[in-house]
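J.: Predicted model and sequence below, questions to follow.
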Amino acid sequence: MKSNFEIIKRLYQDYTKNYMGKIILSALLSLIVAGSTSAIAYLLDPAIKKIFVEKDQSLILIIPAFIILAFFAKGISLYAARVLMISVGNDIKKNMQDDMLKSLINADTSLIHNKHSGKYLNHVLGDTSYIVNLVSTTILNAFKDSLTLIGLLSVMFYQNWKLSLIAILMIPIATLAAKSLGKRIGKVTTEAQEKAGETSQYLMELFKNHKLIKIFQKENYEAIRSSNFLHDVKEKSKKIAIVFTRATVVMEPLTGIMIALLIFVTGKLIISGEISINNFFSFLAAMMLAYQPVRSLATLNVGISQGLSAAKRILPIIDIDNKIKDSKESKNLILKNYDIEFKGCNFKYNDEQELILKNVNLKFLGGKMTALVGHSGAGKSSILNLIPRFYDCISGDINIDGQSIYKAKLKDLRKNISIVTQDTTLFDDTIKNNILYAHSSATDDEIQEVAEKSFAYNFIKNLPNKFDTMIGENGVRLSGGEKQRISIARAMLKKAPIILLDEATSSLDAETESKIQEAMSLLTRNKTTIVIAHRLSTILNSNKIFVIDNGNVIAEGTHKELMSNSNTYKNFYEKQIRKD
């Protein structure tokens, strides 16, 4: 864990440094605010002495005019300073959000899967708001209130140094209270943000699983759960607000004691002739105006603690060090046949697991279809995940045309691979943009072509907005078969020479099934295709079949050969393969 000083230094170097011009201008405007506030307090001295005591008619318009001018200067300067710092704060927030999202987008798959997306969402949207408050409010208040307090103290000492010494006793007491308050608020803020992350996580699952809630009649159960989550968030928010108000418990009585003591001492001084009434009123005005900056500075530590607490959660995300990345020696692949070979690959998803793949040796011939069959959990999907380097082997190697994928540039490797999974993933966008995701510069004719080849155009042409139809979150407005055809069209548009295919296990109507199978055939023609097979037609069309069991390759051959030589395959075929 980095120290607070290191975090502040990092925030300055990476984010605040670029806005120092605006921050300095805001500080200069704060100087005007401080000067005008001090001027207001000072002007009460000549106002009372000249106008009310000496009844000097010549100043009856001049002094009020100066007071009005001072208030105008304060108001305009304060407005301009706040606008500048609000702009800086939100610019920094956006920059941090950009950095966080870039880091998360490029993060290893294993890292994304280890934490719920709702918590990442809360970091991006929630924690960054505390950084905005730190920059736009806390830093401005530090400038404005420090300068204002110095100006007002100068007026107070000018009027009477004895009274001023009594008044400034408030400052160290308030500072001690603020230090204790800052530690507490940092802890409470961290707890509140963690609870907000858990609530975001729950809400995402609530909306995602609404059909499940209805079919199992869990509406009342989820209503209670949601109320409990919101109750916890409310309690944490309330705790933060209560901690903030603790400053009032210290500052208000302290202020009362100071004023009472000052009135007593002032009475003695006036009686003895050491101070006149006009000096006292000017002093009193300066002291009362100083109350706000003293209170603000006393709680300054709170905003700093909140901002630093948020930064401690944000910066580790920005600093994610990916294990799967290009090395200095990485180079482009030189591909011709697109043969893929696994050499002694061992793999597990985390250190706590046992090996999922054990000394796997496989060879997939270029331009041919190879099927992987085996029971659920045998390791078939893990084999597919290793080829585009969503994960890396813990030992062993994977070659394409004799070149290790671990020495190849990631972008060059992945541009040669298309994936179609049984869990089709689509964006809440138009059909056209979902297909274009594979190749953003493709023409309308190319989109039309792949839509027709995937038989997606059969239903697209009947939609009111055709390709511009919005499909909803993850294609919720489309049927299962329609979503699969959009996914196939997208893979076709990429024109990748290697196809990784996980066949859908769900049943579709005969016509849709036929169209999807024909589209798959067009997609995989003359491509290096590795398919997790669930259908007899796919197995029969495969040039070779590997039987995977408990992370091992236990048999290989054609369907006919395996039916004769492998009891495991024969048992799997008889029980699990769909006979179309």
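T.: Alright, I've got the coordinates.

J.: Please make it C-alpha for all contacts and neighbour counts, starting now.
T.: Will do.

J.: in the stretch 301-450 of the chain, which spans are helices?
T.: Under the criterion DSSP state H, counting those that start in this stretch, the stretch 301-450 of the chain contains helices at 380-386, 410-414, 431-436, 444-453.

J.: I'd like to know which of those lies nearest to Ala73.
T.: Nearest to Ala73 among those is helix 431-436 (53.5 Å), distances taken as Cα to Cα.

J.: among the helices of the stretch 301-450 of the chain, which is the most enclosed?
T.: Among these, ranked by average contacts under mean count of other Cα atoms under 10 Å, first place goes to helix 431-436 (a mean of 22).

J.: Dump that helix to CSV, restricted to CA.
T.: Extracted as CSV, the C-alpha positions of helix 431-436 are listed here (Å, rounded to 0.1, in the frame of the first residue of the first chain):
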residue,chain,number,x,y,z
ILE,A,431,-27.9,-5.3,-36.2
LYS,A,432,-25.6,-3.5,-38.6
ASN,A,433,-23.2,-2.3,-35.9
ASN,A,434,-23.1,-5.7,-34.3
ILE,A,435,-22.0,-7.3,-37.5
LEU,A,436,-19.6,-4.4,-38.2
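
J.: so what does that helix touch, helix or strand wise?
T.: helix 444-453, helix 480-494 (3 or more Cα pairs under 8 Å, 6 or more residues apart in numbering; DSSP states H and E).

J.: could you give the angle of the shortest one to helix 480-494?
T.: Angle, helix 444-453 to helix 480-494, by axes from the mean of the first three to the mean of the last three Cα atoms, to 10 degrees: 130 degrees.

J.: Which elements pack onto helix 444-453?
T.: Packed next to helix 444-453, using 3+ Cα pairs under 8 Å, 6+ apart, are helix 431-436, helix 457-460, helix 480-494.

J.: Show me what the mean pLDDT comes to for that helix.
T.: If you average the pLDDT over helix 444-453, you get 88.

J.: So what touches it?
T.: Under the criterion Cα atoms under 8 Å, 6 or more residues apart in numbering, residues Lys432, Ile435, Leu436, Tyr457, Asn458, Ile486, Ala489, Arg490, Met492, Leu493, Ala519, Leu522 lie in contact with helix 444-453.

J.: Check the spacing between the closest residue to the last one other than its chain neighbours and Ala491 real quick.
T.: Looking back up the chat, that one is Leu522. Spatial nearest neighbour of Leu522, excluding adjacent residues (Cα to Cα, 6 or more residues apart in numbering): Lys453 at 7.2 Å. Distance of Lys453 to Ala491, computed by Cα to Cα, to the nearest Å: 11 Å.

J.: try Leu315
T.: 36 Å.

J.: Just say which of the helices and strands packed on helix 444-453 is most tucked in.
T.: helix 480-494 (a mean of 24).

J.: could I get that helix in CSV with only the CA atoms?
T.: Once non-C-alpha atoms are left out, helix 480-494 reads as follows in CSV (Å, rounded to 0.1, in the frame of the first residue of the first chain):
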residue,chain,number,x,y,z
GLY,A,480,-31.9,-17.8,-30.1
GLY,A,481,-31.5,-18.8,-33.7
GLU,A,482,-31.5,-15.2,-34.9
LYS,A,483,-28.7,-14.3,-32.4
GLN,A,484,-26.6,-17.2,-33.6
ARG,A,485,-26.9,-16.2,-37.2
ILE,A,486,-25.9,-12.6,-36.4
SER,A,487,-22.9,-14.1,-34.6
ILE,A,488,-22.0,-16.2,-37.6
ALA,A,489,-22.3,-13.2,-39.9
ARG,A,490,-20.0,-11.3,-37.7
ALA,A,491,-17.4,-14.1,-37.8
MET,A,492,-17.7,-14.3,-41.6
LEU,A,493,-17.1,-10.6,-42.0
LYS,A,494,-13.7,-10.9,-40.2
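
J.: ok, then the element right after that helix?
T.: Moving toward the C-terminus from helix 480-494, the first helix or strand encountered (DSSP states H and E) is strand 498-502.

J.: Mind listing the strands that next one pairs with, and their directions?
T.: strand 417-420 (parallel), strand 528-532 (parallel) (DSSP bridges).

J.: list the helices and strands whichever helix or strand Ala80 is part of packs on?
T.: For Ala80, the enclosing helix or strand under DSSP H and E is helix 62-105. Contacts defined by 3+ Cα pairs under 8 Å, 6+ apart place helix 62-105 against helix 20-46, helix 128-132, helix 140-159, helix 300-318.

J.: quick one: the shortest one to chain centroid distance?
T.: This means helix 128-132. 12 Å (Cα atoms, centre = their mean, to the nearest Å).

J.: Show me what it is packed against.
T.: helix 62-105, helix 300-318.

J.: mean confidence score for it?
T.: The pLDDT scores in helix 128-132 average 81.

J.: So for that helix, what gets flagged as buried?
T.: Using 16 or more other Cα atoms under 10 Å as the test for burial, helix 128-132 gives Thr128, Ser129, Tyr130, Ile131, Val132.

J.: for those residues, which one is nearest Ala378?
T.: Thr128 (42.7 Å).

J.: check contacts around Glu219.
T.: So Glu219 contacts Ile213 (Cα under 8 Å, 6+ apart).

J.: Could you do the one 10 residues further on as well?
T.: By Cα under 8 Å, 6+ apart, the residues touching Phe229 are Thr199.

J.: And Asn279, by the same measure?
T.: Asp45, Gln159, Asn160.

J.: Tabulate the residues you listed (TSV), appending distance to Gly480 and neighbour count.
T.: Shown next, in TSV, are the contacts of Asn279 (distance: Cα to Cα, whole Å; neighbours: other Cα atoms under 10 Å):
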residue	distance to Gly480	neighbour count
Asp45	82	21
Gln159	82	23
Asn160	83	18
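
J.: Please tabulate these in a markdown table and include distance to Asp145 as additional columns.
T.: Putting the contacts of Asn279 into a markdown table (distance: Cα to Cα, whole Å) gives the following:
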| residue | distance to Asp145 |
| --- | --- |
| Asp45 | 23 |
| Gln159 | 21 |
| Asn160 | 22 |
